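Engineer: Model the following, please.
(4 chains)
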2 protein chains.
Amino acid sequence: MNERPLQEPTLLLLTALADEPRHGYGLIQEIDAISQGRVRMRTGTLYGALDRLAQQGLIRVEREEVVDGRARKVYALAEAGRDVLAAETERLRAVVAEAERRLAARRAHAIRPKGALA
Amino acid sequence: MNERPLQEPTLLLLTALADEPRHGYGLIQEIDAISQGRVRMRTGTLYGALDRLAQQGLIRVEREEVVDGRARKVYALAEAGRDVLAAETERLRAVVAEAERRLAARRAHAIRPKGALA
DNA sequence: CCTATATATATCAGCGACCGGCATATGTTG
DNA sequence: CAACATATGCCGGTCGCTGATATATATAGG
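Structural biologist: I've put the predicted structure just below:
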């Protein structure tokens, strides 16, 4: 089992599955929406990540279906995945808060161009 | 210039530099504190990252000093690094909020062992 | 009818950040 | 004098992500 912190694509994948099961292509669109168009998940990342996460037990294949003649695999967040996502968001929230606190509390050390006002 | 999202060690590095300049070893301890002991930055990660971030212009070497006969390099967050950190925390805050919203709003689709109550 | 686009899944070479180990050097503590 | 904390640095390996490529079906447009 890998304890390394999640990278953003993985985090977004779990997030996109947090409310209800979705299939691969749907996840790409959902992540596009969540990130307001900033993250366009590549299929290479997606299907590789889905396999990996399934093997780690964080997600699982809920069902396979055919819609309009096209095959789909629907993935669902497993309990372990829910726990990991909850822990990860909790941790990230603390880091984000700390970063913002420090950005606000920065010292006069901050870089200042020569000739800047005293 | 790389537009890829920051990984957590890098994010913590910039965060640790956000309030005031620090030297390498001090950053390890600071990050240990920020993360409440959960992240122990390795020197391999640290010095490689410092070089990389300096080359990207996100941080810079503020000064070099000798304290108690031990040489130090003191790094400071550059303006570009400040901007990147601010943008990154902003983005992460949105993702975290979305993840928590979804975790709370999850459907009955949630995995449920056979025989669980109706 | 043919082509382009959207839907949908999958594989693979390569890159780059991170990990873990090792090396080096000085000051302090037992 | 050994162990530990302080302090910087290199390097091989791992692994998630990128970008390209391939396959297949449904729909819309020329």
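Engineer: Could you figure out how far the longest helix along chain A is turned away from helix B:79-104?
Structural biologist: For chain A, the helix with the greatest residue count under DSSP state H is helix A:79-104. Orientation check (axes from the mean of the first three to the mean of the last three Cα atoms, to 10 degrees): helix A:79-104 against helix B:79-104 gives 140 degrees.
Engineer: what comes up buried for helix A:79-104?
Structural biologist: Neighbour-count burial for helix A:79-104, with 16 or more other Cβ atoms under 10 Å in any protein chain shown as criterion, is recorded at A:80-82, A:84-85, A:88-89, A:91-93, A:95-96, A:98-100, A:102-103. (Glycine included, C-beta is placed from N, CA and C.)
Engineer: overlap between those residues and the residues near chain B?
Structural biologist: Contacts with chain B within the buried residues of helix A:79-104, counted by Cβ under 8 Å from any Cβ of the partner chain: A:82, A:85, A:89, A:91-93, A:95-96, A:98-100, A:102-103.
Engineer: For the longest helix of chain A, enumerate the helices and strands it packs against.
Structural biologist: Under the contact definition 3 or more Cβ pairs under 8 Å, 6 or more residues apart in numbering or on different chains; DSSP states H and E, helix A:79-104 sits against helix A:8-16, helix B:8-16, helix B:79-104.
Engineer: Direction included, what does the next helix or strand after the second one pair against?
Structural biologist: Pointing back at helix B:8-16 there. The element immediately downstream of helix B:8-16 (helix or strand, assigned by DSSP states H and E) is strand B:22-23. Strand B:22-23 has the following strand partners under DSSP bridges: strand B:70-77 (antiparallel).
Engineer: from the middle of its chain, how far away would the strand it pairs with be?
Structural biologist: Distance of strand B:70-77 from its chain centroid, counting by Cα atoms, centre = their mean, to the nearest Å, is 18 Å.
Engineer: That one close to DNA strand C?
Structural biologist: Yes: residues of strand B:70-77 contacting DNA strand C under Cβ under 7 Å from any atom of the strand: B:Arg70.
Engineer: Now do that strand against helix B:8-16, angle only.
Structural biologist: Angle, strand B:70-77 to helix B:8-16, by the same axes, to 10 degrees: 90 degrees.
Engineer: Could I have the CA atoms of strand B:70-77 written out in CSV?
Structural biologist: Taking C-alpha atoms only, strand B:70-77 is exported to CSV below (Å, rounded to 0.1, in the frame of the first residue of the first chain):
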residue,chain,number,x,y,z
ARG,B,70,28.4,25.4,9.7
ALA,B,71,27.7,26.9,6.3
ARG,B,72,24.2,27.8,5.4
LYS,B,73,22.4,28.9,2.3
VAL,B,74,19.3,31.0,3.1
TYR,B,75,16.5,30.9,0.5
ALA,B,76,13.7,33.4,0.0
LEU,B,77,10.5,33.2,-1.8
